[in-house]
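[1] Here is a sequence with its predicted model. Questions after.
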Amino acid sequence: MTTILGLAGSLRRASYNRGLLRAAAEVAPAGITIELGSIDDVPLYNGDLEDAEGLPASVQRLQGQLRDADALLLVTPEYNGGIPGVFKNAIDWMSRGEGLAHFREKPVAVIGASPGGFGTILSQNHWNQVLRRLNTQPWFGGQVMVSRAGTHFDAERNLVSEDLRVQLATFLDGFAASYRK
């Protein structure tokens with residue numbers, strides 16, 4: 001069984017990217033489990049807080065999930081042409097202490113959904129700088145950039161487009177196949 005830690009980069013319960021992550025868990029091919037992680041309780045990074053109290057429990061939980069996962073799936077919104085601050089903040093916290101070692105050589109794929117016409121191409125490209133710095137193994141063998149997301153999701157942000165569900169399953173299968181031994 002292959003386990004992929006999935007993180008959505010929005011704090012909104014009814015975000016398109018949370019819906020895309022849920023859909024990934026639903027359509028994951030046999031032998032692949034998407035474990036849903038959450039950045040909801042990760043505080044803003046503050047070195048003084050880290051020095052005084054150590055890593056927050058929410059960060060320790062994410063670090064453990066990352067350590068135990070075979071791969072990482074980032075489901076990213078795009079805010080002002082880049083990475084959402086809350087998402088980058090969570091990854092920054094996760095890389096603290098022994099967490100940095102959990103990123104090394106970890107296969108990572110990035111997907112995303114946006115109400116705009118370009119999907120999340122700028123945000124996905126922006127993640128490449130961060131993933132390189134963390135010494136991960138980004139996968140470039142496929143793309144899922146959902147543009148005009150409102151036409152593909154229902155009011156509860158469930159992915160209703162069968163074509164996109166098939167595309168997502170194919171993407172996940174290719175991603176897992178790229179690092180399976």
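    Cool, got the structure.

[2] residue farthest from the centroid of the protein?
    Going by C-alpha atoms, centre = their mean, the residue of the chain most distant from its centre is Ala52, 29.1 Å out.

[3] Now for that residue: which residues touch it?
    Contacts for Ala52 (C-beta atoms under 8 Å, 6 or more residues apart in numbering) come out as none. From N, CA and C alone the C-beta is placed, and that goes for glycine too.

[4] quick one: secondary structure of the residue most central in space within the chain?
    With distances taken as C-alpha atoms, centre = their mean, Leu74 lies nearest the centre of the chain, 1.6 Å away. Of the three states, Leu74 takes strand under DSSP: H, G, I helix; E, B strand; the rest coil.

[5] Show me what it is bridged to.
    Leu7, Val110 (DSSP bridges).

[6] So what touches the lengthiest helix in the chain?
    Taking DSSP state H as the criterion, the chain has its longest helix at helix 162-179. With contacts defined as C-beta under 8 Å, 6+ apart, helix 162-179 is touched by 2, 4, 20, 23-24, 26-29, 31-32, 34, 70-71, 73, 107, 109, 111, 137, 139, 141-144, 146, 152, 159.

[7] still on that earlier bit, give me the element the residue farthest from the centre of the chain is part of.
    Ala52 is part of helix 47-53 when elements are defined by DSSP states H and E.

[8] Same question for that helix: list its buried residues.
    For helix 47-53, a neighbour-count test (16 or more other C-beta atoms under 10 Å) marks Glu50 as buried.

[9] what's the next secondary structure element after it?
    helix 57-68.

[10] for that following helix, packing partners?
    The helices and strands touching helix 57-68, judged by 3 or more C-beta pairs under 8 Å, 6 or more residues apart in numbering; DSSP states H and E, are strand 2-8, helix 85-94, helix 99-103.

[11] in this protein, what spans have low per-residue confidence?
    181 (pLDDT under 70).
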